[in-house]
Every structure is written in C-alpha cells, then in structure tokens.
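1. pasting the structure only:
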C-alpha cells in the first residue's frame, strides 16, 4: 500500500503552449469528442479496470462519481467548484 487516502478531486488539465488559440481549439475539440461519443469511458476502463500489458495488472479502480460528472459537464475552468 502506498497511502491511505483515495485520489482527491482536483481540476487537472492538458498542458498547451501559451497564446496558441488554434492549438487549444484543436485539443479541446478532440477531448470533447471523446467525452460526447462516450469513448472516454472505454479508454478509462482499458487502463483502470482491465489487465494492463505487459504484466496484465488490473488496477480495479472504478470511475468516481466526480469524474463521471466532469465528463458529462466538461469545463476548462481551474475553479474546483466547476467540477462539483
């Protein structure tokens, strides 16, 4: 065991170059498409609820209600209240 606390809710983001609105728009669009198409759930299950190569370790880490909510209501806000 590494610790005794579960992962905490915190707004994380994708690091992007500053002052590049076209790049931000492209990244936001791709991530939003993953969320809208529900592909994000399959990706999560692949890495957190299924055997992961090369050793087949399954983390068995179900998606939290908070993360599901964030996927259903995407935001690029850094305010934690935007995710509650």
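-> Looks like it arrived, so ask away. In this text, all values refer to a predicted model and were calculated from it rather than measured experimentally. Numbers count the residues shown, from 1 in each chain.

2. okay, CA-based contacts and neighbour counts for the rest of this
-> OK.

3. count the neighbours of residue 64 for me.
-> Residue 64 is surrounded by 11 other residues when neighbours are defined as other C-alpha atoms under 10 Å.

4. and residue 13, what is it in contact with?
-> residue 76 (C-alpha atoms under 8 Å, 6 or more residues apart in numbering).

5. go again using 10 Å as the cut-off
-> 76-78 (C-alpha atoms under 10 Å, 6 or more residues apart in numbering).

6. so what pLDDT did it get?
-> The model reports residue 13 with a pLDDT of 73.

7. which helix or strand contains residue 35?
-> Assigned by DSSP states H and E, residue 35 falls within helix 21-36.

8. roughly how far apart are residue 15 and residue 59?
-> 26 Å (C-alpha to C-alpha, to the nearest Å).

9. more crowded one of the two?
-> residue 59 (13 against 7).

10. can you tell me the number of residues neighbouring the residue nearest to that one when sequence neighbours are not counted?
-> Spatial nearest neighbour of residue 59, chain neighbours left out: residue 48 (5.4 Å); criterion: C-alpha to C-alpha, 6 or more residues apart in numbering. Look at residue 48: counted by other C-alpha under 10 Å, it has 17 neighbours.

11. quick revisit: out of the contacts of residue 13, which one has the weakest pLDDT?
-> At the low end of pLDDT for those is residue 78, which has 75.

12. what about that one, how many neighbours?
-> Neighbours of residue 78 (other C-alpha under 10 Å): 12.

13. can you list the helices and strands that the helix holding residue 35 packs against?
-> Counting contacts by 3 or more C-alpha pairs under 10 Å, 6 or more residues apart in numbering; DSSP states H and E, helix 21-36 is packed against helix 39-48, helix 65-72.
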